[in-house]
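*Asks:* how would this look folded up:
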Amino acid sequence: GGSATALGILDALTTLRFPAPIDVWLALAENRMGPAAYTQNEVVSAANGTTIQVMHTDAEGRMALADTLALAARERPAAIVDFATLTGACVGALTERMSGVFTNRAALRDTLESAGHRSGERVWTFPTPPDFDDDLESTTADVLQCLIEGKGDHIYAARFLGRFVPDAIPWVHVDLSSAHRPGGLAHVNAPFT
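*Replies:* As a prediction, the model looks like this:
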């Protein structure tokens with residue numbers, strides 16, 4: 001869902017002849033089994049050198065997105081906006097009627113929610129207090145990939161991903177809980193039932 005959204009935005013901005021440069025990075029992952037796959041508790045290094053203790057092998061999306069954010073940040077963009085269908089916890093919090101957003105700029109909250117309301121793709125901004133990092137501490141790596149239990153995973157995912165975007169770059173993470181709503185949202189029809 002995240003890569004499809006990014007490509008759709010690029011297509012729309014190209015059609016509208018948006019005057020500023022836009023880069024689109026696709027964080028694609030395929031969940032495969034095999035001898036080269038990482039395992040639980042394995043420590044892997046991200047593109048920016050951060051070491052990550054793998055806690056859940058099915059949370060491969062945030063691993064791919066972490067590297068993508070680190071690579072995109074190297075280009076020193078004016079801002080980074082990412083889209084992902086990372087967590088069932090966000091669906092649990094908002095259902096499929098809204099998507100969750102997270103940002104390292106509190107001043108963007110009203111802008112994000114207003115844009116979602118106007119477009120019919122409603123969003124709700126979740127808090128990302130730094131004390132959530134306490135639960136992501138690892139004894140063998142810089143950070144845990146996630147927690148084993150799923151409560152609050154949307155917030156933990158955002159705190160994890162925030163490590164891969166320098167504080168100087170405004171960043172918005174959209175957890176697309178509404179990506180699979182039967183019937184679509186507002187004026188946007190879903191192509192499936």
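
*Asks:* okay, which residue of the protein is out on the far edge from center?
*Replies:* When distances are taken from the C-alpha mean of the chain, residue 35 lies farthest, 27.8 Å away, according to CA atoms, centre = their mean.

*Asks:* secondary structure class for residue 131?
*Replies:* Three-state assignment for residue 131 (DSSP: H, G, I helix; E, B strand; the rest coil): helix.

*Asks:* per-residue pLDDT, it?
*Replies:* On the pLDDT scale, residue 131 is placed at 97.

*Asks:* distance of it from residue 137?
*Replies:* 11 Å (CB to CB, to the nearest Å). Placement of C-beta: from N, CA and C, glycine included.

*Asks:* so for those two, which residue has more residues nearby?
*Replies:* residue 137 (11 against 7; other CB atoms under 10 Å).

*Asks:* which residues touch the worst-scoring helix or strand of the chain on mean pLDDT?
*Replies:* Counting by mean pLDDT, DSSP states H and E, the weakest-scoring helix or strand in the chain turns out to be helix 88-94, with a mean of 90. Helix 88-94 has contacts (CB atoms under 8 Å, 6 or more residues apart in numbering) with 99-100, 124, 126, 150-155, 175, 177-178.

*Asks:* one more time with 6 Å, if that's ok
*Replies:* With CB atoms under 6 Å, 6 or more residues apart in numbering as the test, helix 88-94 has contacts from 100, 124, 150, 153-154, 175, 177.

*Asks:* just the C-alpha atoms of it, please, in CSV.
*Replies:* What follows is helix 88-94, C-alpha atoms only, in CSV (Å, rounded to 0.1, in the frame of the first residue of the first chain):
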residue,chain,number,x,y,z
GLY,A,88,-2.5,-3.9,12.7
ALA,A,89,-2.4,-1.8,15.9
CYS,A,90,-3.3,1.3,13.9
VAL,A,91,-6.3,-0.5,12.4
GLY,A,92,-7.2,-1.6,15.9
ALA,A,93,-7.1,2.0,17.1
LEU,A,94,-8.8,3.7,14.1
